[in-house]
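Peer 1: Predicted coordinates and the sequence they were generated for:
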Protein chains: 2
Amino acid sequence: MAVYTEVSDEAVAGFLAEYDIGRIVAFRGIAEGVENSNYALRTTGGDYILTLYERRVAPEDLPWFLGLMEHLAGRGIPCPRPVPGRDGSALRHLAGRHAAITTFLPGVWPRRIQRAHCAPLGTALAKLHLAGEGYVPERGNGLGPHAWPRLLAAIGTGGDMLRPGLGTELEAALARILAAWPAGLPRGHIHADLFPDNVFFLEGRISGLIDFYFAATDLFAYDVAVCLNSWCFESDFSCNVTKARALLHAYDAARPLSAPERAALPVLCQGAAMRFLLTRLYDWINTPAGALVTRKDPIEYLRRLYFHFEARDEHAYGL
Amino acid sequence: MAVYTEVSDEAVAGFLAEYDIGRIVAFRGIAEGVENSNYALRTTGGDYILTLYERRVAPEDLPWFLGLMEHLAGRGIPCPRPVPGRDGSALRHLAGRHAAITTFLPGVWPRRIQRAHCAPLGTALAKLHLAGEGYVPERGNGLGPHAWPRLLAAIGTGGDMLRPGLGTELEAALARILAAWPAGLPRGHIHADLFPDNVFFLEGRISGLIDFYFAATDLFAYDVAVCLNSWCFESDFSCNVTKARALLHAYDAARPLSAPERAALPVLCQGAAMRFLLTRLYDWINTPAGALVTRKDPIEYLRRLYFHFEARDEHAYGL
């Protein structure tokens, strides 16, 4: 469910009058996505996505996100391009929310990840990292390592109903990760949430990278670690090294991974698993039973975390 | 939320190979709708809707629904047209469900009903009734008057938590409605669920009538009564007689309402209010608290029912 805010047809028509993209032809809520309300919008001028920003997105960050998307799209990354209104501003208001129209991207996100998806993904991620250069403003990663102790404290023993002793276990794991967290690795703008439902494929090629609302300025190799976690594990939580190798080799071919980046992969993967484990756990505990969102299972990322703690070095990921 | 069944990208690609409508370009779940899973599907050949039939739709009725849509579309009604596969059959299987592809219709359903919507609606409903002629097979109305006692019995005193004494009140109301239910009125194929979210408008004109999965062979004027209930009441549950008059006059201009049909409007409206009150009540009681659907308030239709019991004759609706 990804329509939290209902927008009336008159409100959309009035909103479109602020743009130069034609008159409304169709307007349907999109089921995918969990953070914001998204509508497929067709006008006499073409196809667009209308996004109304909800809860988790801080309004003060929106200009940064939209600016990054504009920058990346201008450098050939297939990401949604913010569409400015007649006054030049892409960030506007609709139905009591901040709102933006972006371009529509074709393609389908892979429900079942194949090995053949992983090399294009690695290439696209490296290109995204390189294309981010020159976008000057930075944004700290609000869900990066600094945030994890606070998240864990907010969860407290709330996870123990899922798994007895989970709170204590995660405290020890987090201390170990933070103690080993690498310094000095190459950094820049990262997507930070490039899960399969944010990547569109068309005839085997990547046609779209979407949902930049967790993007931040952080370690490039951490973004790689997020993808290793979300693309390269099987449903039994075993790591598919063939997929990981394909992803890493393709990334490395477009943006070579330095020796320190390679060496840091296990701890970066541990951190990425911890980040999704913590936010899922937080949501699990704090989502009212009757809410219209699907709670994602936190334990899936605990299982990944175990794997990454076993990983001695980058060879565990096929490098 | 209207995606109950997730369909993999490979499964869709394989499914499309059974058709002659090109290759997949985009595929997004649609948030609207509550009964079935709907996807917006774009191929190199155009735009379509892919529907997977869920729970309430009886598989044996699907050929009748699709046949009716084909018949109506062939007579100029702007309804989704089933798209046949290469073997000529529009009703197929996908992801363990019955499934069909239909044409995409432009337009936007009115979130806030204006008076100006009601005349086009009346005309479209009358044309739909006239266009149904010649579609020979009949389908009994599974949610018509015959079904209401059984529904009420299944609810029992379950509604009393919403409103003390509701069960007893509805028993008396239903007995009164059924005793006065008219015989011999003109009948044919009706939509039976033409709520605002099933009607698309484009620049003031109706561009689409969708969701024929409650359609049945029943009294034409009962379909009018369903629309009076769903289009002509304000948020304070007062009847907007200006809207009702616009709807009825436009309908009557395209398909004249006979004197017995006019006289029966109050009881038909009572019956239509009872039908939606009962199904909403049933769903209210039987929807698990954590389910991914929004429960609709049954009491809205109790309030309408009171209005219709006060209505002495058709003049209450502006005729």
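Peer 2: Sure, I can see it. Numbering: from 1, shown residues only, chains lettered A, B, ... in the order given.
Peer 1: hey, let's count contacts and neighbours off CA atoms from now on
Peer 2: Will do.
Peer 1: Nearest to the spatial middle of chain A, which residue is it?
Peer 2: Compute the mean C-alpha point of chain A, and by CA atoms, centre = their mean the closest residue is A:D193, 1.9 Å away.
Peer 1: right, and that one touches A:A215 too?
Peer 2: Yes. Assessed by CA atoms under 8 Å, A:D193 is found in contact with A:A215 at 7.4 Å.
Peer 1: re the thing from before, so where does the residue nearest to the centre of chain A fall, helix or strand?
Peer 2: Under DSSP states H and E, no helix or strand contains A:D193.
Peer 1: Give me the phi and psi for it.
Peer 2: phi -150, psi 40 (degrees, to the nearest 10).
Peer 1: now it: how far from chain B?
Peer 2: 19 Å (CA to the nearest CA, to the nearest Å).
Peer 1: residues in contact with that residue?
Peer 2: A:212, A:214-215, A:223, A:226-227 (CA atoms under 8 Å, 6 or more residues apart in numbering or on different chains).
Peer 1: Strands of the stretch 151-300 of chain A, residue ranges please.
Peer 2: Assigned by DSSP state E, counting those that start in this stretch, the strands in the stretch 151-300 of chain A fall at A:187-190, A:199-202, A:205-209, A:216-219.
Peer 1: repeat for the stretch 1-150 of chain A
Peer 2: A:24-29, A:37-43, A:46-52, A:92-94, A:97-103.
Peer 1: residues in the stretch 51-200 of chain A within reach of chain B, list them.
Peer 2: Residues of the stretch 51-200 of chain A lying near chain B by CA under 8 Å from any CA of the partner chain: A:106-112.
Peer 1: ok, and the most crowded of the residues you listed?
Peer 2: A:V108 (27 neighbours; other CA atoms under 10 Å in any protein chain shown).
Peer 1: Apart from its chain neighbours, what residue comes closest to A:R187?
Peer 2: A:L219 (4.2 Å; CA to CA, 6 or more residues apart in numbering or on different chains).
Peer 1: now swap in A:L62 and tell me
Peer 2: For A:L62, the spatially nearest residue (CA to CA, 6+ apart) is A:L91, at 7.6 Å.
Peer 1: For that neighbour, grab the count of nearby residues.
Peer 2: The burial count for A:L91: 17, using other CA under 10 Å.
Peer 1: Contacts only, for it.
Peer 2: Contacts of A:L91 (CA under 8 Å, 6+ apart): A:62-63, A:66, A:84, A:98-100.
Peer 1: Chain B versus the nearest residue to A:D283 once chain neighbours are set aside, what's the distance?
Peer 2: Distances taken as CA to CA, 6+ apart put A:R295 closest to A:D283, at 7.1 Å, once the chain neighbours are dropped. Using CA to the nearest CA, A:R295 is found at 10 Å from chain B.
Peer 1: wait, doesn't A:R295 sit right on A:N286?
Peer 2: No. Applying CA under 8 Å as the test, A:R295 and A:N286 come out as separate, 10.0 Å apart.
Peer 1: Of those two, which one has the most company?
Peer 2: Using other CA under 10 Å, the more surrounded residue of A:R295 and A:N286 is A:R295, with 17 against 12.
Peer 1: Next up, the contacts around the more buried one.
Peer 2: Contacts of A:R295 by CA under 8 Å, 6+ apart are A:280, A:283-284, A:287.
Peer 1: which one among these gets closest to A:P266?
Peer 2: A:R280 (21.1 Å; CA to CA).
Peer 1: So for the closest one, what's the pLDDT?
Peer 2: At A:R280, the model reports a pLDDT of 93.
Peer 1: Excluding chain neighbours, what is closest to it?
Peer 2: A:P298 is the one closest to A:R280 (CA to CA, 6+ apart), at 5.0 Å.
Peer 1: The one you found: neighbour count?
Peer 2: Neighbour number of A:P298 under other CA under 10 Å is 21.
Peer 1: shouldn't it be in contact with A:F276?
Peer 2: Yes. Between A:P298 and A:F276 there is a contact under CA under 8 Å: 7.5 Å.
Peer 1: remind me which residues of chain A are low pLDDT?
Peer 2: Residues of chain A meeting the criterion pLDDT under 70: A:1-3, A:34, A:288-294.
Peer 1: need the helices for it, in chain order.
Peer 2: Using DSSP state H, the helices of chain A run over A:9-16, A:62-74, A:115-131, A:148-155, A:166-180, A:220-231, A:241-254, A:259-286, A:299-310.
Peer 1: among those, which is the most enclosed?
Peer 2: Of all the helices of chain A, helix A:220-231 has the most neighbours on average by mean count of other CA atoms under 10 Å in any protein chain shown, namely a mean of 24.
Peer 1: Domain boundaries for chain A, per the record?
Peer 2: A:9-103, A:115-317 (automatic domain parsing).
Peer 1: Pipe the ones you listed into JSON lines and attach distance to B:A272 per row.
Peer 2: Formatted as JSON lines, those follow (distance: least, CA to CA, whole Å):
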{"stretch": "domain A:9-103", "distance to B:A272": "27"}
{"stretch": "domain A:115-317", "distance to B:A272": "29"}
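Peer 1: Between those, which one is closest to B:E18.
Peer 2: domain A:115-317 (17.6 Å).
Peer 1: show me what contacts A:R255?
Peer 2: A:126-127, A:130.
Peer 1: which one of those sits closest to chain B?
Peer 2: A:K127 (23.2 Å; CA to the nearest CA).
Peer 1: Name the nearest residue to the closest one, ignoring sequence neighbours.
Peer 2: Using CA to CA, 6+ apart, the closest residue to A:K127 is A:A254 (6.8 Å).
Peer 1: how far away is that neighbour from chain B?
Peer 2: Applying CA to the nearest CA to A:A254 and chain B gives a distance of 27 Å.
Peer 1: That residue contacts A:T123, correct?
Peer 2: Yes. Counting by CA under 8 Å, A:A254 touches A:T123, with 6.0 Å between them.
Peer 1: still on that earlier bit, which among the residues of the stretch 51-200 of chain A next to chain B gets closest to B:A244?
Peer 2: Nearest to B:A244 out of these is A:P106 (CA to CA; 43.0 Å).
Peer 1: Can you name the residues that contact that closest one?
Peer 2: A:P106 neighbours (CA under 8 Å, 6+ apart): A:200, A:202, A:207-208, B:25-26.
Peer 1: try it again with 7 Å
Peer 2: For A:P106, the contact set (CA atoms under 7 Å, 6 or more residues apart in numbering or on different chains) comprises A:207-208, B:25-26.
Peer 1: I'd like the residues you listed laid out as JSON lines, including distance to A:G134 and neighbour count.
Peer 2: Shown next, in JSON lines, are the contacts of A:P106 (distance: CA to CA, whole Å; neighbours: other CA atoms under 10 Å in any protein chain shown):
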{"residue": "A:S207", "distance to A:G134": "23", "neighbour count": "21"}
{"residue": "A:G208", "distance to A:G134": "21", "neighbour count": "21"}
{"residue": "B:V25", "distance to A:G134": "32", "neighbour count": "21"}
{"residue": "B:A26", "distance to A:G134": "32", "neighbour count": "22"}
